[in-house]
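Enquirer: Okay, sequence plus prediction incoming.
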Amino acid sequence: MNIREEAHKMKLTSPFLAATTGEQRNAALAAMAEALCAHKDEIFAANKIDLANAEKNNIQGAVIKRLKFDEGKLRSVIDGIHQLISLPDPIGKKQIMREMDEGLVLTRVSCPIGVIGVIFEARPDALVQISSLLIKSGNCAILKGGKETAETNRALFSVIYKSVVDAGLPEGCLLQAEQHNEISELLMCDRDVDLLIPRGSNAFVRYIMDNTKIPVMGHADGICHIYADKDCDMAKALPIIVDAKCQYTAACNAVETLLVDRSIAGTFLPEVRKALENAGVKIRGTKEVSEIIPCEIMGEDDFRTEYLELIISVKLVDGVKEAVDHINRFGSHHTDAILTENAETAEYFMQMVDSAGVYQNCSTRFADGFRYGFGAEVGISTSKIHARGPVGLEGLMTYKYRINGCGQIVGDYAEGRSQFHFKDLI
């Protein structure tokens, strides 16, 4: 397959997908959900092949959890599709409507970005979530999943593509890239691909950014923090910390560093150690932490580590200001949380931490498009331009300006024969 030729065809298709109605795209999503259920046995069979290959290649632990596509994950993606169906159509929303002069009306309306390339990790549920979001938002998509789930991705894509085209969406609205060399081809499609969304390691995302002229949206690291303040409720705090580390260890929103107010360290650290070790988590801490609880001693530069496994860094700080300074220095601007009952301290933390998500008294694992009510997400952006945090429908839209006139020319305004009076109509 020649990706550059296919991308060019898709560019020509994109206006037709953008012109479909919300009802048409919702019908396609409903057909997608029905087809996934109808073909689940062949999808699960393909996934068993991927899991067997992973076992042969010595892949295990949290990574295997990512690769697996079972009844639970199928139910989750189906729920996400139905949630998307229930959301308003994001296309054609009037954001500004302004009468510039009598009979001269400016409107800003939302529209899809166009053609989006998404390169994502070996997680079959991600393929379903990304496809459904792009269909709902009216964007054409080139999808490249991780090689470890090649069989599952092929089975899923086949079901998804046939169902949405049979439901009336334009042929060529979705394309699956399977070969590694096709990534390099995709990076060269700057005339036809409007946006790239890479998901993966820091090195991988940086490689994509450095080797294409196409705009790139995404995040490189997920170094998330929890700060246990002196006014935290320990009964609340311990389950939150365990959930943030263990509920899905390999996710980018899993906590990697725990900061603890020095004034409560003597009582808090032994309890958090017990809770984490019971959950199978290995603790790495500063020398000061090691004097209170047994742990592996770590250096200051190690706080830039994204473990994505059952390991957590621990450091003591003097209050919320030092915690914020640490997070802004070592964090990845992804998601960070404070555990405190002090509203003023929480407000300081949430105002001063420079991250896409800032939470009080809850797990960092809530950083997710489905949990935000977006239906799903194509990824989490740590950028401040265009989209930030979990990228759902809104992050996949742009806008265009329309002017409806009745013969006006700029010369009349430049020479004073006509005047703007600017009146907002909405």
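Expert: Received, thanks.
Enquirer: residues of stretch 91-110 that come out buried?
Expert: I91, R98, M100, D101, L104, V105, L106, T107, S110 (16 or more other CB atoms under 10 Å). Placement of C-beta: from N, CA and C, glycine included.
Enquirer: Now the two most distant members of the residues you listed.
Expert: Distance extremes for the buried residues of stretch 91-110: the farthest pair is I91 and D101 at 28.3 Å, using CB to CB.
Enquirer: Would you point out which residue is most central in the protein?
Expert: Closest to where the C-alpha atoms of the chain average out (CA atoms, centre = their mean) is G379, at 2.0 Å.
Enquirer: measure that residue to R304 for me?
Expert: 21 Å (CB to CB, to the nearest Å).
Enquirer: Distance of G375 relative to S263?
Expert: G375 is 43 Å from S263, by CB to CB.
Enquirer: for C406, same thing?
Expert: To S263, C406 is 71 Å away according to CB to CB.
Enquirer: show me the residues around V63 that make contact.
Expert: Neighbouring residues of V63 by CB atoms under 8 Å, 6 or more residues apart in numbering: A54, A250.
Enquirer: how does it look with 7 Å?
Expert: With contact taken as CB atoms under 7 Å, 6 or more residues apart in numbering, V63 is in contact with A250.
Enquirer: Which pLDDT value goes with it?
Expert: pLDDT for V63: 76.
Enquirer: One more: L51?
Expert: With respect to pLDDT, L51 scores 94.
Enquirer: Averaged pLDDT, stretch 133-143. What do you get?
Expert: Across stretch 133-143, pLDDT averages out at 97.
Enquirer: can I have that stretch written out in CSV, keeping just the CAs?
Expert: This file holds the C-alpha atoms of stretch 133-143, laid out as CSV (Å, rounded to 0.1, in the frame of the first residue of the first chain):
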residue,chain,number,x,y,z
LEU,A,133,-14.3,9.4,18.1
LEU,A,134,-13.0,10.3,14.6
ILE,A,135,-16.2,9.1,13.0
LYS,A,136,-18.4,11.1,15.4
SER,A,137,-16.2,14.2,14.9
GLY,A,138,-16.3,13.8,11.1
ASN,A,139,-12.6,13.3,10.6
CYS,A,140,-11.0,10.9,8.3
ALA,A,141,-8.2,8.8,9.9
ILE,A,142,-5.1,6.8,9.1
LEU,A,143,-4.6,4.4,12.0
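Enquirer: still on that earlier bit, these two touch, right, the residue nearest to the centre of the chain and G389?
Expert: No. Applying CB atoms under 7 Å, one finds G379 not in contact with G389, separated by 10.1 Å.
Enquirer: so how far is G392 from V281?
Expert: Distance, V281 to G392, by CB to CB: 31 Å.
Enquirer: So between these two, which is more surrounded?
Expert: Taking other CB atoms under 10 Å, V281 and G392 do not tie; G392 has more neighbours (25 against 20).
Enquirer: Now do the SS call for that one.
Expert: coil (DSSP: H, G, I helix; E, B strand; the rest coil).
Enquirer: Give the closest residue to it in space, chain neighbours not counted.
Expert: Take G392 and drop its neighbours on the chain: the residue closest to it by CB to CB, 6 or more residues apart in numbering is F374, 2.8 Å away.
Enquirer: Can you classify the one you found by secondary structure?
Expert: coil.
Enquirer: I'd assumed A141 was in a strand, is it?
Expert: Yes. Judged by three-state DSSP, A141 forms part of a strand.
Enquirer: what's the burial count for the residue nearest to it when sequence neighbours are not counted?
Expert: Of all residues not flanking A141 in the chain, L134 sits nearest, at 4.3 Å (CB to CB, 6+ apart). Residues near L134, counting by other CB under 10 Å, number 25.
Enquirer: didn't L134 look like it was pressed against L143?
Expert: No. Using CB under 7 Å, L134 makes no contact with L143, being 8.5 Å away.
Enquirer: where does the stretch 201-350 of the chain dip in pLDDT?
Expert: Where the stretch 201-350 of the chain drops to pLDDT under 70, the residues are 219-220.
Enquirer: now do 90
Expert: Applying pLDDT under 90 to the stretch 201-350 of the chain flags the ranges 201-206, 209, 217-222, 248-252, 299-301, 308.
Enquirer: Now do the strands in it.
Expert: Here the stretch 201-350 of the chain has its strands, by DSSP state E, counting those that start in this stretch, at 224-228, 255-261, 282-285, 296-297, 311-317, 335-339.
Enquirer: Dump the last one to PDB, restricted to CA.
Expert: When you say that, I think you mean strand 335-339. Output of strand 335-339 as PDB, limited to C-alpha atoms (Å, rounded to 0.1, in the frame of the first residue of the first chain):
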ATOM      1  CA  THR A 335      -2.000  15.000  35.800                       C
ATOM      2  CA  ASP A 336      -1.200  15.700  39.400                       C
ATOM      3  CA  ALA A 337      -3.200  15.500  42.600                       C
ATOM      4  CA  ILE A 338      -3.200  16.800  46.100                       C
ATOM      5  CA  LEU A 339      -4.600  15.000  49.100                       C
END
